[in-house]
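Novice: Sequence plus the predicted model coming up.
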Amino acid sequence: MSGVDLGMPTFPDAAHRAVRDAQLRHNLGRATSTIRNKRAAVVDELDDWEQLRASGAAIKAHTLSRLDTYLERFESAVTAAGGTVHWARDAAEANRIVTELVRETGETEAVKVKSMATQEIGLNEALASAGISAWETDLAELIVQLDEDRPSHILVPAIHRNRSEIREIFRREMSGSGAPAPADLTDDPVQLAEAARHHLREKFLRANVAISGANFAVAETGSLVVVESEGNGRMCLTMPDNLISVVGIEKLVPSWRDLEVFLQLLPRSSTGERMNPYTSVLSGVTEEDGPSNFHVVLLDNGRSEALADEVGSQALRCIRCSACLNVCPVYERAGGHAYGSVYPGPIGAVLTPQLYGVESEDTASLPYASTLCGACYDVCPVAIEIPELLVHLRHRTTRERKGWFDRLTGTAMRGLGWVFGDSKRLGRAQRIASLGGRLFGRRGIGRLPWPMSRWTDARDAPAPASESFRQWWERNRTGSGDER
Amino acid sequence: MRVALFATCLGDTLFPGAVRATLRVLERLGCTVDFPPGQTCCGQMHTNTGYHEQAVPAVRSFVTAFEGYDHVVAPSGSCVGSIRHQHDIVAERSGDRKLSEAVDRVSPHVYELSEFLVDVLGVTDVGSYFPHRVTYHPTCHSLRMLRVGDKPRRLLSEVRGIRLLELPEAEQCCGFGGTFALKNPDVSVAMGADKTRHVRETGAEVLCASDSSCLMHLGGLLDRQREGIRTMHLAEILAGTEEDR
């Protein structure tokens, strides 16, 4: 897929601002530590977590290795159950298909189930430009939509907002698109939820079109599975007469039996619950129950290309639980917006560059948005080796990017690589460095010019030792008979 | 027991004290220690930054220097992690089959210091004395790449005179991350600031870890903050004995 410039700042630039936002860091630190402690507690309850995790990884890896077969099986099953399958190569094609399907119903609005795939393709914006209003019904998505903000977390899109900010958004924006917030609304969570319920009910009762994604798509039965906490998704899936689901091709699992593994892995990893409150399964159409008009849009949008990469393809095992975000120390400081994509955090750092390429500065900066601490791998319910993938994508970045800075870094790295290729060269470099060390004494070094200022702006740098270990060894130990 | 010492490029150049301390501990425990002069660097900086081709000379010099030893010991979890988990990737990508085979022969014999002491020599009491308040930061690569578990803490808890203090949120990354510290200085410093805040909360005089790289970052922050908290490598604490007093 050709590189798409998302028009975002690079990760370091965006993070530079986010780190200085004390409110954001406070909101994020609190929320992520709460979720990760809950997750750790419920995962510890299961003796067979590691086996479950291995099963989840194996089922997904197997499905991806025979994806063409399972996709065809899924299409036949959906068709047999009275639904229609559409294939979309990219975002533009998917948006066009959905827009036309809504137009065919004659409606100008739709209610939406929280869906990463529709956000990935910018469906709401595409529908709006066609005169169709798409209303988010997930509480957090509603907050983000009302504020014309962007989600900053996969599971908790408004994680960067606190209660009083949400109250302000509700009071300011709700009346613009339906039932207004009560005048005496406080920041009590129960009151906030009640205001959202009231606001959304009007939309549920009126809507004749629903748009959803799916957490899983079962090839055997052509079923879509939607997992959620609030029940708004179930309202969307059952009330309107028309349902359009946009589903990434990697969402498939072979059979009904496979779901059992994921319905244990997902809620514990994402919300830290033993079981999620609502699990809806939809298989085609049934007379006088649920939608009578059912369409599935199967979305590629760079996935086939990622699938072709032996190392990179494991990112497609992701079940969007967001456990990796909640344990990531970089995410916790930089916030989700810094990743410039609907997929933030460690999984975003490996998924986005694969879906959009590394031609633009912003996507190319993402594989470097990690210290490679490995916490993400430890919590991933499908054992995606995110650190290995980050290093793999960094390698791809160094090979594909040819800007002046990239060439300069490449030259420096080659030079240093040459030094490390021969101990005599390293010894000479050390003797030069130790001259500097003698100059500074053993004090730390305060301020240095660019690019070392990126280190010394906030940290002292160690002075090179006045004698390297190698020199010390030569002086004290050579000739002592230690040669092999 | 004959042991080859891998100083690591950072230890050799910037922190020779930690390498000499490693040597001292090993010799005190009866090891005969070699320092193969051809050694340079594990190549991790290149590999992790994405310059896999440029890491080949370092990997080649490593296997050439250390081939044939039953035990290679390094005072760095991070470098040993790179040797065990990345040397084969670099070698395979280079297309040099001989290099891949050499990597397969050498890497299983490379140990981080605490692993070597506990797993190979079977000791946790290495005869050390260090009468100070110490808190230990388990660095990410020791913790999650090597899974050294509580080995460093077991070694420290046997040190006479030491008061070991629990570090809050010990398993969170310090924010160094190799070139991450330069590519994303703001996040790196924010993470390090939280870590040093936790270190201060313990009331420790010394922050200890098994990686000079993480200590360089945290030490740089602590020095700038002028809190009077010292950083020391695990080997430097283990090297001290009562006779030194």
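Specialist: Structure's in. What do you need? Numbers count the residues shown, from 1 in each chain, chains lettered A, B, ... in the order given.
Novice: Go ahead and measure how far stretch B:144-151 is from the middle of the chain.
Specialist: 12 Å (C-alpha atoms, centre = their mean, to the nearest Å).
Novice: do the same with stretch A:232-245
Specialist: 25 Å.
Novice: same check, this time on stretch A:447-456
Specialist: Per C-alpha atoms, centre = their mean, the centroid offset for stretch A:447-456 relative to its chain is 32 Å.
Novice: Name every strand pairing with the helix or strand A:Val296 falls within and say which way it goes.
Specialist: Using DSSP states H and E, A:Val296 maps to strand A:293-299. Strand A:293-299 pairs in its sheet with strand A:84-88 (parallel), strand A:242-248 (parallel), by DSSP bridges.
Novice: Output the contacting helices and strands for the helix or strand following it.
Specialist: Proceeding N to C from strand A:293-299, the next assigned helix or strand is helix A:303-307, under DSSP H and E. Applying 3 or more C-beta pairs under 8 Å, 6 or more residues apart in numbering or on different chains; DSSP states H and E, one finds that helix A:303-307 contacts helix A:345-356. C-betas here are computed from N, CA, C, even on glycine.
Novice: Spatially nearest residue to B:Gly77 (excluding sequence neighbours)?
Specialist: Setting aside the residues directly before and after it, B:Gly77 is nearest to B:Ser142 in space (C-beta to C-beta, 6 or more residues apart in numbering or on different chains), at 3.0 Å.
Novice: Now for the one you found: which residues touch it?
Specialist: Each residue near B:Ser142 by C-beta atoms under 8 Å, 6 or more residues apart in numbering or on different chains is listed here: B:77-78, B:81, B:112, B:114, B:148, B:152, B:210-211.
Novice: Which of those residues has the largest number of neighbours?
Specialist: Neighbour counts for the contacts of B:Ser142 (other C-beta atoms under 10 Å in any protein chain shown) peak at B:Ser210, which has 32 neighbours.
Novice: Tell me who's in contact with the spatially most central residue of chain B.
Specialist: Computing the C-alpha centroid of chain B and ranking residues by C-alpha atoms, centre = their mean puts B:Ser76 first, at 1.7 Å. Residues in contact with B:Ser76, defined by C-beta under 8 Å, 6+ apart, are B:8, B:10-11, B:112, B:210-213.
Novice: and those residues, which two are the farthest apart?
Specialist: B:Leu10 and B:Glu112 (14.3 Å; C-beta to C-beta).
Novice: pretty sure A:Pro12 is touching A:Ala364, no?
Specialist: No - assessed by C-beta atoms under 8 Å, A:Pro12 is found out of contact with A:Ala364, at 11.4 Å.
Novice: When the two are compared, which one has more neighbours?
Specialist: Counting neighbours by other C-beta under 10 Å for A:Pro12 and for A:Ala364 shows that A:Ala364 has the greater number, 24 against 20.
Novice: Spatially nearest residue to that one, not counting backbone neighbours?
Specialist: Once flanking residues are discounted, A:Ala364 sits nearest to A:Val358: 4.3 Å by C-beta to C-beta, 6+ apart.
Novice: what about the one you found, how many neighbours?
Specialist: Number of residues near A:Val358 (other C-beta under 10 Å) recorded here: 23.
Novice: That one contacts A:Glu400, doesn't it?
Specialist: Yes - between A:Val358 and A:Glu400 there is a contact under C-beta under 8 Å: 5.6 Å.
Novice: quick one, helices of the stretch 51-200 of chain A?
Specialist: Along the stretch 51-200 of chain A, the stretches classed as helices by DSSP state H, counting those that start in this stretch are A:67-80, A:91-105, A:116-120, A:123-129, A:139-146, A:163-173, A:189-206.
Novice: any idea which of those is most buried?
Specialist: Across the helices of the stretch 51-200 of chain A, the average number of neighbours (mean count of other C-beta atoms under 10 Å in any protein chain shown) peaks for helix A:116-120, which reaches a mean of 24.
Novice: Tell me which other helices or strands it touches.
Specialist: Helix A:116-120 sits against strand A:242-248, with contacts defined as 3+ C-beta pairs under 8 Å, 6+ apart.
Novice: Quick check: buried residues in the strand it packs on?
Specialist: Under the neighbour-count criterion of 16 or more other C-beta atoms under 10 Å in any protein chain shown, strand A:242-248 has A:242-248 buried.
Novice: Serialize those to CSV and add fields for pLDDT.
Specialist: What follows is those, written out as CSV (pLDDT from 0 to 100):
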residue, pLDDT
A:Asn242, 98
A:Leu243, 98
A:Ile244, 98
A:Ser245, 98
A:Val246, 98
A:Val247, 98
A:Gly248, 98
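Novice: Just the closest of the residues you listed to A:Arg36, please.
Specialist: A:Gly248 (25.9 Å).
Novice: Okay, the closest one and A:Ala306: tell me how far apart.
Specialist: 11 Å (C-beta to C-beta, to the nearest Å).
Novice: what do you get for A:Trp455?
Specialist: 35 Å.
Novice: Equivalent analysis for A:Glu260, please.
Specialist: 27 Å.
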